[in-house]
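Enquirer: What shape does this take:
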Amino acid sequence: MKTLPQSKRKLGKPPRLGEFLAQKGHLSDRQITWALEEQKKNGKRLGEILSSLKIVSEDLIAQSIGAINNIPYVTPHTMTIDSDLFLMIPEWLARRHLAVPIKAQEKELKMAIADPLNYETLNDLRFYAGIAISPAIATKKNILETIEQSYHFDTSSVDKIVQASAKDFTVGSLQVIPDLAESNLLHMDTRSLEEKSLLGPVVQLTNIIIGKAIKMRASDIHIEPGQNEFRVRYRIDGLLREEMRLPKWVQNPLVSRIKILATLDISERRLPQDGAVRVMAEGRAVDLRVSTLPANHGEKVVLRILDQSKVLIDIDQVGLRDKDAEIVRKMIRKQKGMILVTGPTGSGKTTTLYALIQELKSVTNNLTTVEDPVEYTIDGINQIQINNEVGMTFAKALRAILRQDPNIILIGEIRDLETAEIAFRAAMTGHLVLSTLHTNDAPSTITRLIDIGIPPFLVSSCLIGVIAQRLIRKRCSRCLELFKADDSNLDIFETGCSLCDHTGFSGRIGAFEVMPITPKTRELISANATDSEIRAASVTVGMTSMEEDGLEKAKMGITTLEEVNRVVEKDEAFKSTCPKCHHAIRIDFLICPYCSEASPYVCHACGKLLQPDWATCPYCRHALQNDPLNET
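Expert: Reported below is the predicted structural model:
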């Protein structure tokens, strides 16, 4: 066989293997003819025939195929390969396709493959790994040697954990949904994760950890590395609960698997990363926001669970008392100004904002939100997702929104001066602006805004009101029914039932502090008044403190006193409850405003505050022996 002249070949077409080997002087025309005759008999590839006939070595054939197709040639049996990678491709699949992983690169897995030109092989490997494949070529002999050396994990301990954890959860019930709005998620396969469970215990374990968390109503999953093991904890109703402890060697494969789902760089373990993935679980869409953080003993991973099917609630359902709900409705009926919902992370601020949006939604309003992330989709409003990677920040989105003729603007969070300034300017120029801020209570919101850099005159003129809140656990409804059926069983709330996982609590409700901005409050803000002065003025016009609101819910049986004390910071303006009606009362009240009972904390003669061990009032010399304070 003679090689074709260069002019007669198709432009850009690479030479065939026989031509290439002949050009390099490794084959004679007689040897090529012999090999082609054998190929007609058995239908094998030319490279296999040349190797079996001992004409050309297997290594030379692999190197030649790689050179022709610009595919690197590797010798995996001599390479140091991260053992975690072998958990991404099961041994049976590696043997079927004669392929082994050799290196994790950014958003792709480099693999040594005996036949890297086979599309079906590459597609199969990509499907099971859940990530793009970058092929290199290696000999069959070297790949089999690597398989024998590397697939030796004892997964029995993880298998036991999987079996124990899967009793109440079907492993294959998760399905990854690609987000077509983001190009970096387009490669993700929508086939069921049940098929991917063939990867072995690590993938099954990942499915179970996520699936059980969703089923148990967890808001977050924490994967925390230790020195000799690592643990998985769920945050349920605001409290972290340890779910399982796992052997240390499973840590990196598990983290890598989660990174693959969230399209993060599995090779980067020194820097924090953020990603997202949407899955179908139990017939509903659930978003997972993934955050990784390098720690002392490995990467810590937190997955925030956002259930897209969660029913949006209105103002009357978030936990506001009738009086506060009416104040909030008056606030949102304003045509311009700013309303802030404040509290720490995980205090339910977004839920309250969405409740306000539900009330404001109308065909006559142009309502636009800018969020990071968009937690729940609401029909009838325009929702904008922040994307810092492409420069879509809160400030940039707000500038664009103001050119879209909005009536109402919702800002997910005020994080910096630039965003705050644009938001306040919008509130001042005829728009109703809703947003959140991280503060401890309603009065301290004023101080926080001024500290950010907003002038006091702008705060006083634009701010309509502040809603501060915390989330407290509610008593389990099933436990309440059992208790009412048998009120002699006083331990029911300690032992709980299967519905609340024997905690006595199920779900959470808000404890609120609603502070409308009155003319008096505006004067105090402009005069740079302290938090205490603003609080005193707000209480005078009827503001209920967060602690008093929580105590009222405990009195109604919605929650417990211990739960209120755990979550809500004690208001120093309140000493205790009235000994007669048990309402929370200020320590400077002369009588209880609810039942007219004399206050046990002040002198009845002059109204000054007293100490429990005083026998005489030091202000008016009134004897205290017969006062309620000494009797208690």
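
Enquirer: When you work out contacts or count neighbours from here on, use the C-alpha atoms and nothing else.
Expert: OK.

Enquirer: can you map out the strands along the stretch 301-450 of the chain?
Expert: Shown for the stretch 301-450 of the chain, the strands assigned by DSSP state E, counting those that start in this stretch span residues 337-342, 367-371, 382-385, 408-411, 432-437.

Enquirer: quick one, helices of the stretch 351-500 of the chain?
Expert: For the stretch 351-500 of the chain, the helices defined by DSSP state H, counting those that start in this stretch cover 394-401, 417-428, 444-452, 456-462, 477-485, 492-495.

Enquirer: Reformat these as JSON lines; add mean neighbour count, mean pLDDT and distance to S219.
Expert: Putting the helices of the stretch 351-500 of the chain into JSON lines (neighbours: other Cα atoms under 10 Å; pLDDT from 0 to 100; distance: least, Cα to Cα, whole Å) gives the following:
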{"stretch": "helix 394-401", "mean neighbour count": "18", "mean pLDDT": "88", "distance to S219": "25"}
{"stretch": "helix 417-428", "mean neighbour count": "20", "mean pLDDT": "90", "distance to S219": "28"}
{"stretch": "helix 444-452", "mean neighbour count": "18", "mean pLDDT": "93", "distance to S219": "26"}
{"stretch": "helix 456-462", "mean neighbour count": "19", "mean pLDDT": "93", "distance to S219": "34"}
{"stretch": "helix 477-485", "mean neighbour count": "15", "mean pLDDT": "70", "distance to S219": "20"}
{"stretch": "helix 492-495", "mean neighbour count": "16", "mean pLDDT": "56", "distance to S219": "23"}
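
Enquirer: Would you reformat those helices as CSV and include distance to T75?
Expert: Putting those into CSV (distance: least, Cα to Cα, whole Å) gives the following:
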stretch, distance to T75
helix 394-401, 50
helix 417-428, 55
helix 444-452, 59
helix 456-462, 68
helix 477-485, 63
helix 492-495, 61
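
Enquirer: which one of those helices lies closest to L205?
Expert: helix 492-495 (29.7 Å; Cα to Cα).

Enquirer: Can you say which of the strands of the stretch 301-450 of the chain is nearest to C592?
Expert: Nearest of the strands of the stretch 301-450 of the chain to C592, taken as Cα to Cα: strand 337-342 at 29.8 Å.

Enquirer: tell me the pLDDT at A325?
Expert: Here, the pLDDT recorded for A325 equals 93.

Enquirer: repeat for E229
Expert: The model reports E229 with a pLDDT of 85.

Enquirer: Kindly provide the distance from it to R478.
Expert: Applying Cα to Cα, to the nearest Å, the value for E229 to R478 is 37 Å.

Enquirer: before we move on, what about I223?
Expert: 31 Å.

Enquirer: before we move on, the earlier item: so which of the strands of the stretch 301-450 of the chain is the most surrounded?
Expert: Among the strands of the stretch 301-450 of the chain, strand 337-342 has the highest mean neighbour count (mean count of other Cα atoms under 10 Å), at a mean of 26.

Enquirer: for P135, what are its contacts?
Expert: Residues in contact with P135, defined by Cα atoms under 8 Å, 6 or more residues apart in numbering, are 71, 110-113, 116.

Enquirer: where are the low-confidence patches of the stretch 301-450 of the chain?
Expert: Counting by pLDDT under 70, the stretch 301-450 of the chain shows low-confidence ranges at 308-311.

Enquirer: 80 - rerun?
Expert: Screening the stretch 301-450 of the chain residue by residue with the criterion pLDDT under 80, one finds the ranges 307-313, 373-377, 388-389.

Enquirer: Name the helix or strand of the protein that has the lowest mean pLDDT.
Expert: Taking mean pLDDT, DSSP states H and E as the measure, the chain has helix 193-196 as its least confident helix or strand, at a mean of 39.

Enquirer: what's downstream of that one, the next helix or strand?
Expert: The first helix or strand that comes after helix 193-196 along the chain, using DSSP states H and E, is helix 201-215.

Enquirer: for that following helix, packing partners?
Expert: helix 156-165, strand 220-225, helix 251-261 (3 or more Cα pairs under 8 Å, 6 or more residues apart in numbering; DSSP states H and E).

Enquirer: ok, 7 Å please
Expert: For helix 201-215, the elements it packs on are helix 156-165, helix 251-261, judged by 3 or more Cα pairs under 7 Å, 6 or more residues apart in numbering; DSSP states H and E.

Enquirer: Can you give me the buried ones in stretch 253-269?
Expert: Judged by neighbour count using 16 or more other Cα atoms under 10 Å, the buried positions of stretch 253-269 are 253-266, 269.

Enquirer: With stretch 503-522 instead?
Expert: For stretch 503-522, a neighbour-count test (16+ other Cα under 10 Å) marks 503-518, 521-522 as buried.

Enquirer: Serialize the contacts of P135 to CSV and add fields for secondary structure.
Expert: Shown next, in CSV, are the contacts of P135 (DSSP: H, G, I helix; E, B strand; the rest coil):
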residue, secondary structure
I71, coil
K110, strand
M111, strand
A112, strand
I113, strand
P116, coil
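
Enquirer: now, which of those residues sits nearest A598?
Expert: Each of the contacts of P135 was scored against A598 by Cα to Cα, and K110 proved nearest at 79.0 Å.

Enquirer: correct me, but that closest one touches I131?
Expert: No - here K110 does not reach I131: they are 10.1 Å apart, not a contact under Cα atoms under 7 Å.

Enquirer: between those two, who's got more neighbours?
Expert: Each of K110 and I131 had its neighbours counted (other Cα atoms under 10 Å), and the higher figure belongs to I131 (22 against 17).

Enquirer: measure the more buried one to S267 for me?
Expert: I131 sits 12 Å away from S267, going by Cα to Cα.

Enquirer: now do A132
Expert: Applying Cα to Cα, the value for A132 to S267 is 13 Å.

Enquirer: and what of L353?
Expert: Here L353 is placed at a distance of 39 Å from S267 (Cα to Cα).

Enquirer: one step back: export the strands of the stretch 301-450 of the chain to TSV and tack on distance to E548?
Expert: Rendered in TSV, the data for the strands of the stretch 301-450 of the chain read as follows (distance: least, Cα to Cα, whole Å):
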stretch	distance to E548
strand 337-342	17
strand 367-371	32
strand 382-385	36
strand 408-411	29
strand 432-437	22
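
Enquirer: who wins for proximity to D324 among those?
Expert: Taking Cα to Cα, strand 337-342 is the member of the strands of the stretch 301-450 of the chain nearest to D324, at 13.6 Å.

Enquirer: got the contact list for the spatially most central residue of the chain?
Expert: Most central in the chain under Cα atoms, centre = their mean is R304, positioned 2.0 Å from the mean C-alpha point. Counting by Cα atoms under 7 Å, 6 or more residues apart in numbering, R304 makes contact with 219-221, 288-290.

Enquirer: where does the residue of the chain most remote from its centre land in three-state SS?
Expert: Ranking residues of the chain by C-alpha distance from their mean position (Cα atoms, centre = their mean) puts R30 at the top, at 66.6 Å. Reducing the assignment to helix, strand or coil with three-state DSSP, the entry for R30 is helix.

Enquirer: Ok, V100 next?
Expert: Here V100 is strand, with the state taken from three-state DSSP.

Enquirer: Now do the contacts for it.
Expert: Taking Cα under 7 Å, 6+ apart as the contact definition, V100 lies against 94, 111-113, 143.

Enquirer: Now do the same for it: its pLDDT.
Expert: For V100, the model assigns a pLDDT of 92.
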